[in-house]
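>>> curious how this folds, go ahead:
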Amino acid sequence: MRHTAQPGGVIAAPVLMVALPVGGEESMRLALSGSSGSKTVRTAVAALVLGLCAWIPPSAADLRFQEAPIILATGNRGGTYFVAGQRLCQMINRARQMLSVRCQGEVTAGSAVNMELLGARKVDFAIVQGDAVAPGAMPWARFIMGLHVEHLAVMVRADDRAGTLADLVTRRVDIGVPGSGSRRSAESLYAALGLTLVDPVGLHALVRAEGLCSRAVDAVLFLQGTPAAPLLEAAERCDVRVLPVSRAVAARVMAALPAWSEASVPGGLYRGIVDDVPVLGMQALVVAHEEVSVQAVRALWSVVKADLDFLREAHPSLRALKLEAMQAIPTGIPPHAGVR
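All right, here's what the predicted structure looks like:
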């Protein structure tokens, strides 16, 4: 809400800038789909009247919310984080006339960089891996919503004799570029098992499959939603397999790192991988700084609730999203005040 100046310096009645129509997500859904009708008009007018009767001077955070786009840190181009973040921003921008806010997706190196940007207040929201928020070390971090489950798929060539994660400690293993969440997760995972990778490599996302198939590296550790484009590419380039994670190893990791859970890479998804492969997984999260406007958080949630199917259609990894799971607050990360 803001005042408009009139000739002579007189301040006119406040104009409602950000107010979801009474009726909640249904009105938002109609607006997003382009539908219109007398009911929508009536609810919009009602919201305007209520706003005029109960106007509260905007806070500094609210003014920033109105004047500048909210910035969402995503990931590298082509990755699931990038696609999901761009779709979330698209959803907000489609409803900008109702929300009076724009959204901009920021390309980044991944989770670790995203948390640095968020802590420095250079972005408002960030998509990160479930273990990217260090409890106690990042007291300003706030949970917004959960996204898809990411699978740990350690891929080797089919003729490689490695059978477990421990077999790779002296091999050339690509664990992702420095600054990526995958690299940090790989390091913490091996540490939880009492192991240290002797020769870790950091290939760019676009050449990881080529590196594996050309034998530049012996294994590639992927931590992505399923199906993952780099794994699909690797499976098409050469004969590969995914190393299984035993239940005993999974239990050790989960005891030390609660963000991890048991998961499986479905059989038949990648060429040459016929049966389900037991692995580890974790949920990707949308987080924010505690100082981000409540309005911004509610704007994001409103478009997701109004058109979840549109978000699901953005990437195969997002197809299984359910609101109940997205609203489940992970252990150790307090929710933002705008999360309802």
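
>>> helices of the stretch 1-150 of the chain, start to end?
Assigned by DSSP state H, counting those that start in this stretch, the stretch 1-150 of the chain shows helices spanning 25-33, 38-53, 60-67, 80-94, 96-99, 111-119.

>>> can you tell me which of those has the worst average pLDDT?
Lowest mean pLDDT of these: helix 38-53, a mean of 40.

>>> could you measure from V292 over to M98?
Here V292 is placed at a distance of 20 Å from M98 (CB to CB, to the nearest Å). Every residue, glycine included, has its C-beta placed from N, CA and C.

>>> neighbour-wise, which of the two wins?
Set V292 next to M98 and count neighbours by other CB atoms under 10 Å: V292 wins out with 26 against 20.

>>> what's the burial count for the closest residue to the more buried one other than its chain neighbours?
Of all residues not flanking V292 in the chain, D124 sits nearest, at 5.0 Å (CB to CB, 6 or more residues apart in numbering). By the criterion of other CB under 10 Å, D124 has 26 neighbours.

>>> residues in contact with D124?
D124 is in contact with I70, I71, L72, A288, H289, V292, A296, counting by CB atoms under 8 Å, 6 or more residues apart in numbering.

>>> columns pLDDT on top of the residues you listed, output as JSON lines?
Formatted as JSON lines, the contacts of D124 follow (pLDDT from 0 to 100):
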{"residue": "I70", "pLDDT": "94"}
{"residue": "I71", "pLDDT": "97"}
{"residue": "L72", "pLDDT": "98"}
{"residue": "A288", "pLDDT": "97"}
{"residue": "H289", "pLDDT": "96"}
{"residue": "V292", "pLDDT": "95"}
{"residue": "A296", "pLDDT": "94"}
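
>>> tell me the one of these nearest L223?
Of all those, L72 has the smallest distance to L223: 20.2 Å, by CB to CB.

>>> could you give the number of residues near the closest one?
Burial measure for L72: 25 neighbouring residues, criterion other CB under 10 Å.

>>> which one is it nearest to, not counting chain neighbours?
Nearest residue to L72 in three dimensions, chain neighbours excluded: F125, at 4.5 Å (CB to CB, 6+ apart).

>>> which strand is the longest one in this protein?
Across the chain, the longest stretch assigned as strand under DSSP state E is strand 141-157.

>>> picking that back up, report the two of the contacts of D124 separated the most.
Top of the distance list for those (CB to CB): L72 and H289, 12.3 Å.

>>> pick out the residue nearest the middle of the protein.
I127 (3.2 Å; CA atoms, centre = their mean).

>>> which residues of this structure fall in strands?
70-73, 103-106, 125-129, 141-157, 172-174, 199-201, 219-225, 240-242, 261-265, 277-289.

>>> packing partners of the second one?
Using 3 or more CB pairs under 8 Å, 6 or more residues apart in numbering; DSSP states H and E as the contact criterion, the neighbours of strand 103-106 among helices and strands are strand 70-73, helix 80-94.

>>> adjacent strands (with direction) for it?
According to DSSP bridges, strand 103-106 forms sheet pairs with strand 70-73 (parallel).

>>> and the pLDDT for the nearest residue to V177 once chain neighbours are set aside?
Beyond its immediate neighbours in the sequence, the residue positioned closest to V177 (CB to CB, 6+ apart) is G202, lying 4.4 Å away. Model confidence at G202, given as pLDDT, is 93.

>>> show me the chain divided up by domain.
Taking automatic domain parsing as the reference, the chain has its domains at 1-57, 150-282.

>>> of the ones you listed, which is nearest L308?
domain 1-57 (9.8 Å).

>>> got a list of contacts for stretch 209-221?
For stretch 209-221, the surrounding residues in contact (CB under 8 Å, 6+ apart) are 152-157, 160, 162, 168, 171-176, 182, 186, 201, 203, 208, 230-231, 233-234, 237-238, 240, 243.

>>> mind running it again at 6 Å?
154-156, 168, 171-175, 186, 201, 203, 208, 230, 233-234, 237-238 (CB atoms under 6 Å, 6 or more residues apart in numbering).

>>> can you say which of these are buried?
For the contacts of stretch 209-221, a burial check counting by 16 or more other CB atoms under 10 Å picks out 154-156, 168, 171-175, 186, 201, 203, 208, 230, 233-234, 238.

>>> in this structure, what helix or strand scores lowest on average pLDDT?
Counting by mean pLDDT, DSSP states H and E, the chain has its least confident helix or strand at helix 38-53, which shows a mean of 40.

>>> now do the longest strand of the chain: which elements does it pack against?
In terms of contacts (3 or more CB pairs under 6 Å, 6 or more residues apart in numbering; DSSP states H and E), strand 141-157 is packed against strand 219-225, strand 240-242, strand 261-265, strand 277-289.
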